[in-house]
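Asks: here is my input, please return the structure:
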Amino acid sequence: QVQLVESGGGLVQAGGSLRLSCAASGRTFSNYVMDWFRQAPGNEREFVAAISRSGTSTYYADSVKGRFTISRDNAKNTVYLQMNSLKPTDTAVYYCAADRRIAVFTVPSGASVDYWGQGTQVTVSS
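Replies: Numbering: from 1, shown residues only. Presented below is the predicted three-dimensional model:
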């Protein structure tokens, strides 16, 4: 069993930065690819970023590439999402997810996610 708790969301002006954290309980954190997804009101959930089990490989949605950075600290059971140059279109609830899939360099549907966090709201004002 893994429990995921996100933090770090908030209100920021366009062009600003936020750093999201996702703390995991349990001793199996390093067994999972970790993903960030987001969902805006009226929209479907969309993939944002992923990081491999060791943290050596990352993968991003085109919409955030070059602006967002995913990282993880397996000793602290935590995954991070550094978000820079934020845009109003980045406004959404952001979720971290523990994913059992093997390949990092694919856009996950969420079907292989075993655990989801409760989400943290990110609002970017123009």
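Asks: quick check: mean pLDDT of the helix or strand residue 82 falls within?
Replies: According to DSSP states H and E, residue 82 maps onto strand 78-83. On average, the pLDDT along strand 78-83 is 98.
Asks: so what does it touch, helix or strand wise?
Replies: strand 18-24, strand 33-39, strand 46-51, strand 68-73, strand 92-99 (3 or more CB pairs under 8 Å, 6 or more residues apart in numbering; DSSP states H and E). For glycine as for every other residue, the C-beta is placed from the backbone atoms N, C-alpha and C.
Asks: list of residues touching the helix or strand bottoming out on mean pLDDT in the chain?
Replies: Lowest by mean pLDDT, DSSP states H and E among the helices and strands of the chain is strand 113-116, with a mean of 95. With contacts defined as CB atoms under 8 Å, 6 or more residues apart in numbering, strand 113-116 is touched by 2, 3, 4, 32, 35, 95, 96, 97, 98, 99, 100.
Asks: just the buried subset of these, written out for PyMOL, thanks.
Replies: Buried members of the contacts of strand 113-116, defined by 16 or more other CB atoms under 10 Å, are picked up in PyMOL with:
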select buried, resi 2+4+32+35+95+96+97+98+99
